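In: Show me the folded form of this:
(one chain, ligands or ions: 2)
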Amino acid sequence: MKISFCCTDTKAEPWLAGLRAAFPADAVEQWVPGAEPADYAVVWAPPQQFLDEQPQLKALFNIGAGVDALLKLRLPPSAAVVRLDDAGMSVQMAEYVCHAVIRHFREFDAYEADVKLGKWSYRRPQLRADFPVGVMGLGVLGERVARALAQFDFPVRGWSRSPREVPGVQCFSGDAGFHDFLSATRILVCLLPLTPGTENIMNRQTLSRLRPGGYVINVARGAHLVDEDLIALIDSGHLAGATLDVFRTEPLPAEHVFWKHPKVTVTPHTSARTLREESIAQIAGKIAALQAGQDISSLAGVVDPKKGY
Ligand code: NAP
Ligand code: GLV
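Out: Numbers count the residues shown, from 1 in each chain. Ligands and ions are numbered 1, 2, ... in the order given. Just a heads-up that it's a prediction; the model follows:
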C-alpha cells in the first residue's frame with residue numbers, strides 16, 4: 001500500500017512522520033512529478049498534474065473541512081473524496097463565533113475605545129432577546145457553534161438543506177425556510193460549504209432581510225458574501241458591522257476596504273485551523289479501516305460529489 005502526500009503551503013515532514021508512524025510497513029511519500037502512483041492521497045490544493053498521474057487512487061483525503069477548491073479540479077474517477085470531519089475544528093469554531101457574537105453584543109469595542117480615552121462609562125445592558133443569532137449550515141461545525149451559542153442563552157436559529165433537530169435551536173430548512181430564518185435573525189453566522197447553491201448567498205437582498213442592526217460573521221468561504229453589498233448595508237446603517245475570517249482573495253489584498261473599515265473586523269482565515277495530530281489520527285484510522293475491507297460509504301466525511309460537500 002502506498003500513500004502519497006501532496007499539500008501546497010504545508011510543511012510536509014511532520015505529516016510524513018505521523019503517517020509513517022501509523023503505517024510503518026508501507027510507503028508514505030511526498031509526491032514529486034512522475035512518482036509511482038499511490039493507493040491513497042493526502043492533499044491540500046494539489047496541482048492538476050498530481051491528480052492526472054493518479055488514475056487508480058482509491059481515496060483522496062483533504063486536510064481541511066471545505067472541499068470547494070478540490071472539487072474544481074479533474075479528479076480520478078475511482079477516488080472518493082474524504083474531508084476532515086471535525087478533527088478538533090468544531091471547538092475552535094465555537095470559540096471564534098461565540099467570541100465574535102459576545103464582543104458585539106456586550107459592546108466590548110466601544111468599552112475599549114472609552115478606556116483608551118480614560119473614560120469610566122457605563123452602557124445600558126442590551127437585551128439578549130433582541131439579538132437572535134442565525135447559523136447557516138448545521139453540519140459538523142455549524143451544529144457545534146449553534147449549541148455553544150445556546151449555552152449563553154442567545155435565541156439561536158439554524159438553517160440547513162435538509163430538516164435537522166438541534167436541542168435549544170429553532171431549525172429551518174431548504175429554500176422554503178430561508179426567508180423566515182433570515183427575518184428571525186439579527187446576527188448571521190455563515191458555516192455553509194461553498195457550492196453553486198451557496199455562492200453569493202449573503203447579498204443585498206438576503207442581508208436586507210436581517211433584523212435592523214444586523215451583524216454578519218463569515219467563517220465559511222469568502223465567495224459566500226458579496227463584499228460591496230455588505231459594505232453598502234453597513235454604510236446605510238441597516239447592518240451594524242461584520243467579523244470576517246474568509247475572503248474571495250486570500251491573503252486579503254492590501255487595498256481592500258475591509259482592512260480599514262471601522263465596523264469590520266478581519267482575521268486571517270484562522271477561525272478553525274487544521275490540527276495536525278488530530279487530522280493524521282483521523283486519516284490514518286480511515287485508511288486502516290479501508291485496508292481492513294470496510295466500505296468507504298461507512299466512513300464519516302465522505303463527500304457527495306452531486307451535493308458538492
Ligand atoms: P458539513 O458538515 O458538510 O455541513 C454543511 C452544512 O451546510 C449542512 O448542515 C448542510 O445541510 C448545509 N448546507 C449545504 N448546502 C446548503 C444549502 N444549499 N442550503 C442550506 N444548507 C446547506 O460542513 P462543516 O464541516 O460544518 O464545514 C462547513 C464549512 O466551513 C466548510 O465547507 C468550510 O468551507 C468552512 N470552514 C472554514 C474554516 C475556517 O477556518 N474559516 C475551517 C473549517 C471549515 P444538510 O445538513 O441538510 O446536509
Ligand atoms: C478551512 O478553511 C477548511 O476548510 O478546513
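In: how far away is the nearest residue to Tyr40 once chain neighbours are set aside from Met89?
Out: Residue nearest to Tyr40 in three dimensions, not counting chain neighbours: Ile3, with 4.9 Å by C-beta to C-beta, 6 or more residues apart in numbering. From N, CA and C alone the C-beta is placed, and that goes for glycine too. Using C-beta to C-beta, to the nearest Å, one gets 22 Å for the distance from Ile3 to Met89.
In: number of nearby residues for the residue nearest to Tyr40?
Out: Look at Ile3: counted by other C-beta atoms under 10 Å, it has 22 neighbours.
In: Mind checking what secondary structure it has?
Out: Each residue gets one of three states, and Ile3 gets strand by DSSP: H, G, I helix; E, B strand; the rest coil.
In: Could you do Gln170 as well?
Out: strand.
In: quick one, what contacts Phe154?
Out: Val101, Phe105, Arg128, Phe131, Pro132, Val133 (C-beta atoms under 8 Å, 6 or more residues apart in numbering).
In: Mind pulling up the pLDDT for the closest residue to ligand 1 within the stretch 101-250 of the chain?
Out: Of all residues in the stretch 101-250 of the chain, Gly139 sits closest to ligand 1, at 1.7 Å by C-beta to the nearest ligand atom. Gly139 is assigned 98 on the pLDDT scale.
In: Next, the contact list for it, please.
Out: Contacts of Gly139 (C-beta under 8 Å, 6+ apart): Ser160, Leu191, Pro193, Tyr309.
In: In ChimeraX, how would I select the buried members of the contacts of Phe154?
Out: Burial among the contacts of Phe154 is assessed by 16 or more other C-beta atoms under 10 Å; the matching ChimeraX selection reads:
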select :101,105,131,132,133
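In: Near ligand 2, which residues of the stretch 51-200 of the chain are found?
Out: By C-beta under 6 Å from any ligand atom, the residues of the stretch 51-200 of the chain that approach ligand 2 are Gly64, Ala65, Gly66.
In: Tell me the one of those nearest Leu182?
Out: Among those, Gly66 lies closest to Leu182 (C-beta to C-beta), at 22.9 Å.
In: Do I have it right that that closest one meets Arg83?
Out: Yes. Taking contacts as C-beta atoms under 8 Å, Gly66 lies within contact range of Arg83: 7.3 Å.
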